[in-house]
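Trainee: I would like the atomic coordinates for the input below:
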Amino acid sequence: MKFNYVNPYPSTRIPVMARNVCSTSHPLAAQAGLRMMWKGGNAVDAAIAAAAAMTICEPVSNGLGSDSFAILWDGKELHGLNSSGPAPASWTPGYFGKKHGGDAKKPPKRGFDSVTVPGAVGSWMALSERFGKLPFADLLEPAIDIAERGYLLPVVVQQKWASATPEMRSLPGWADSFLPWGRAPQVGELFQFKAAARALRAIAQSKGEAFYRGEIAQAIEKFSSANGGTMTAKDLAGFQPEWVKPIGKDYRGYTLHEIPPNGQGIAALIALGILQQFDLTGMPVDGADAQHLQIEAMKLAFADTYKYVAERKAMEVTTEQMLDDGYLKSRAKLIDLRKAQDFGAGNPVRGGTIYLTAADENGMMISFIQSNYMGFGSGCVEPTFGISLQNRGYGFSLEPGANQVAPGKRPFQTIIPAFLTQQGQPVMSFGVMGGNMQPQGHMQTLVRMLDYGQSPQAACDAPRWRFNAGLELNVEQQMNKATVQELIGRGHRMEVINDSYQDFGAGQFIWRAGEPRVDGYIAASDSRRDGLAAGF
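Mentor: Next comes the predicted model:
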């Protein structure tokens, strides 16, 4: 790929080119990953170290009670890892009906009845055991040090911390952990998380067993019981991450790979399959026609994703049916270039998150995502070990359908790592975090790189839109004003806002420039967060 390195967008970042690279949304986590590769570890070791550090450095997005997913290239082939946890054994529609009223349509947004079994620590264990080089305990050393000694709070994290405080402060254990002076820390203030350091040491010493079958599991059960939850140590002990084969879709001579359902990665594949039917290169990259086509393709993709995607064995259609070329061509025909539409689902049968990536000079590349969901997740923080628990249970439905809650079932997931190949060879590990912005970010950044030749950093810096529902969109204030007005004229209802953290996501990208030992990689980190792409 011959990128155009003239960046037409305001940016504080430049592309980073090196043979060993780690890109995350916090500089200390990127450095934690580099430390592992400097010690002789590989990209997987770096990703685990960075992920552990991120639970401390960006608690507004993830924690030790998160879920996670990964796609990695081991030098020969792609592997996918689904480390999202299932519902506790007690969870049924009747359970929620009795506790929260018979007319409830979803589990609650916060509190213990939103917490499914956390999978992130399990992913670290599985990745290290199968692909890591360094001892597992070494990988957690940087995170332990950061949690124990503390770090100075950066700008974007502080903004989200402060804005979340009114909603979260009354939830079990949250204020004790995250309001050290009775308020959110200010920019530049030292935040220490000694309880999490205690947990990380126990996880390091036991290779993760303490979390699922030891003292941390017992502490989570006790904390859950004391605060109205029903998660047990037995629920935790039964968890195992699942190795999966990524699903893919060809686009402009490349193949985008995503984790199969229960996640929403298929939405990016559907959207690109629809866009494949159009010649975007004849349209200005930031013009109304190119943006309109992408918006409409994304709407069509979400219509099917929200109707059909759940845990794979519960789906009434297959991923193959949803990605069928003939079906996607028929969906593309529904797009009117002059008018925005509110699409329904088709019939395929007839036809709060952190993302990081690392790559090493031996060719290993890993795309990794970890999340508590909706900011601080459930808001429940086990005090002994600082386990900030996700609220992935909110992704279930209490009504009949593919995503109805059931014991031991995984909910619909928003977090999706991505990987790009060409003719079976690795090209880029990447991701764009931020709820339903993730597949939208995958599509928008790939179109910029593959259709228009923009560099990863320019594609990252470019203004984005975010589809919400119906005809409603959010758009970044730096988007071309004439384009925005033209899109409004076509019927899009666009609100220009200035909140990049959740609304427009944040990406990390590592593009393989050639032979890693010689040519290395081209890395980018999104300026919408406090992040860093670093290498040597």
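Trainee: going forward, measure contacts between C-alpha atoms and count neighbours the same way
Mentor: OK.
Trainee: Distance from the one helix or strand S23 maps to to the middle of the chain?
Mentor: Per DSSP states H and E: S23 is located in strand 21-24. Once both centres are worked out by Cα atoms, centre = their mean, to the nearest Å, strand 21-24 turns out to sit 15 Å from its chain's centre.
Trainee: so what secondary structure elements neighbour that strand?
Mentor: With contacts defined as 3 or more Cα pairs under 8 Å, 6 or more residues apart in numbering; DSSP states H and E, the packing partners of strand 21-24 are helix 27-38, helix 43-57, strand 353-359, strand 506-512, strand 521-525, strand 532-535.
Trainee: closest to G377 out of the ones you listed?
Mentor: Among the helices and strands packed on strand 21-24, strand 353-359 comes nearest to G377, with 9.7 Å by Cα to Cα.
Trainee: what residue is smack in the middle of the protein?
Mentor: In the chain, the centroid-proximal residue (Cα atoms, centre = their mean) is I415; its distance is 3.6 Å.
Trainee: Is it in contact with F69, as I believe?
Mentor: Yes - I415 lies in contact with F69 (Cα atoms under 8 Å); the separation is 7.4 Å.
Trainee: residues shared between the contacts of those two?
Mentor: Taking Cα atoms under 8 Å, 6 or more residues apart in numbering as the contact rule, I415 and F69 both touch 369-370.
Trainee: Name the residues that touch the longest strand seen in the chain?
Mentor: Assignment by DSSP state E gives strand 425-433 as the longest strand of the chain. With contacts defined as Cα under 8 Å, 6+ apart, strand 425-433 is touched by 73, 353-358, 365-367, 369, 415-421, 438-439, 441-442, 505-513.
Trainee: helix or strand right after that strand?
Mentor: Using DSSP H and E, the helix or strand that follows strand 425-433 in sequence is helix 437-446.
Trainee: what ranges do the helices span in the stretch 101-250 of the chain?
Mentor: Assigned by DSSP state H, counting those that start in this stretch, the stretch 101-250 of the chain shows helices spanning 120-131, 136-139, 141-149, 155-168, 174-178, 194-206, 209-213, 215-226, 233-237.
Trainee: my bad, should have said the stretch 251-400 of the chain
Mentor: Secondary structure of the stretch 251-400 of the chain by DSSP H, counting those that start in this stretch: the helices cover 265-275, 288-308, 319-322, 325-332.
Trainee: thinking again about what came up before, just give the strands next to the longest strand of the chain in its sheet, each with its orientation.
Mentor: strand 418-422 (antiparallel), strand 506-512 (antiparallel) (DSSP bridges).
Trainee: quick revisit: among the helices of the stretch 101-250 of the chain, which gets the worst mean confidence?
Mentor: Mean pLDDT is lowest for helix 155-168 among the helices of the stretch 101-250 of the chain, at a mean of 94.
Trainee: In terms of secondary structure, what does that helix contact?
Mentor: Counting contacts by 3+ Cα pairs under 8 Å, 6+ apart, helix 155-168 is packed against no other helix or strand.
Trainee: That helix: which residues count as buried?
Mentor: For helix 155-168, the neighbour count (16 or more other Cα atoms under 10 Å) marks 156-161, 164-165, 168 as buried.
Trainee: how about these in a markdown table, adding distance to S455?
Mentor: Formatted as a markdown table, the buried residues of helix 155-168 follow (distance: Cα to Cα, whole Å):
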| residue | distance to S455 |
| --- | --- |
| V156 | 25 |
| V157 | 27 |
| Q158 | 30 |
| Q159 | 29 |
| K160 | 29 |
| W161 | 32 |
| A164 | 34 |
| T165 | 38 |
| M168 | 39 |
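Trainee: residues near Q341, how many?
Mentor: Neighbourhood size, Q341 [other Cα atoms under 10 Å]: 18.
Trainee: quick one: S23 and G489, what's the gap?
Mentor: Between S23 and G489 the distance is 39 Å, computed by Cα to Cα, to the nearest Å.
Trainee: which one of those two has more residues nearby?
Mentor: Between S23 and G489, S23 has the larger neighbour count (other Cα under 10 Å), namely 33 against 13.
Trainee: what about the more buried one, distance to M36?
Mentor: The gap separating S23 from M36 is 14 Å, by Cα to Cα.
Trainee: same thing with S330?
Mentor: 49 Å.
Trainee: Compare those two (neighbour count), which wins?
Mentor: Neighbours were tallied for S330 and for M36 using other Cα under 10 Å; the higher tally belongs to M36 (26 against 13).
Trainee: Tell me who's in contact with that one.
Mentor: By Cα under 8 Å, 6+ apart, the contact set of M36 is 42, 45-46, 49, 134, 139.
Trainee: and if we set it to 10 Å?
Mentor: Contact partners of M36, counting by Cα atoms under 10 Å, 6 or more residues apart in numbering, are 42-50, 133-134, 138-142.
Trainee: related to what we said a few turns ago, most neighbours per residue, which of the helices of the stretch 251-400 of the chain?
Mentor: Counting by mean count of other Cα atoms under 10 Å, helix 265-275 has the highest mean neighbour count of the helices of the stretch 251-400 of the chain, with a mean of 28.
Trainee: From the chain's centroid, how far away is it?
Mentor: With Cα atoms, centre = their mean as the basis, helix 265-275 stands 17 Å off its chain's centre.
Trainee: And it, what does it pack against?
Mentor: Secondary-structure packing of helix 265-275 (3 or more Cα pairs under 10 Å, 6 or more residues apart in numbering; DSSP states H and E): strand 247-251, strand 254-258, helix 288-308, helix 319-322, helix 325-332, helix 437-446.
Trainee: quick one: average confidence on that helix?
Mentor: The predicted model assigns helix 265-275 a mean pLDDT of 97.
Trainee: Between strand 247-251 and that helix, find me the angle.
Mentor: Orientation check (axes from the mean of the first three to the mean of the last three Cα atoms, to 10 degrees): helix 265-275 against strand 247-251 gives 20 degrees.
Trainee: so how far does stretch 381-401 reach from one end to the other?
Mentor: By Cα to Cα, the extent of stretch 381-401 from end to end equals 32 Å.
Trainee: Can you give me the buried ones in it?
Mentor: Of all the residues in stretch 381-401, those buried under the rule 16+ other Cα under 10 Å are 381-398.
Trainee: what do you get for stretch 344-361?
Mentor: Counting neighbours by 16+ other Cα under 10 Å, one finds that the buried residues in stretch 344-361 are 345-346, 348, 351-361.
Trainee: Contact partners for S25?
Mentor: Going by Cα under 10 Å, 6+ apart, S25 touches 50, 54, 57-58, 157, 354-356, 433, 506-508, 525-533.
Trainee: how far is the longest strand of the chain from where the chain is centred?
Mentor: Relative to the mean C-alpha coordinate of its chain, strand 425-433 is positioned 12 Å out (Cα atoms, centre = their mean).
Trainee: buried ones in it?
Mentor: Across strand 425-433, burial judged by 16+ other Cα under 10 Å covers 426-433.
Trainee: Let me know the closest of these to N480.
Mentor: V432 (21.7 Å).
Trainee: From W243, how far off is that closest one?
Mentor: V432 is 22 Å from W243, by Cα to Cα.
Trainee: Kindly report the same for S367.
Mentor: From S367 to W243 the distance is 14 Å (Cα to Cα).
Trainee: Between those two, which has more neighbouring residues?
Mentor: Neighbour count, other Cα under 10 Å: between S367 and W243, S367 has more, with 29 against 17.
Trainee: Can you tell me who that one pairs with across the strands?
Mentor: On the basis of DSSP bridges, S367 is bridged to I71, T357.
Trainee: Could you measure from it over to P15?
Mentor: Applying Cα to Cα, the value for S367 to P15 is 18 Å.
Trainee: Equivalent analysis for M449, please.
Mentor: 14 Å.
Trainee: Common neighbours of those two, please.
Mentor: Here M449 and P15 have 455-458 as joint contacts, going by Cα under 10 Å, 6+ apart.
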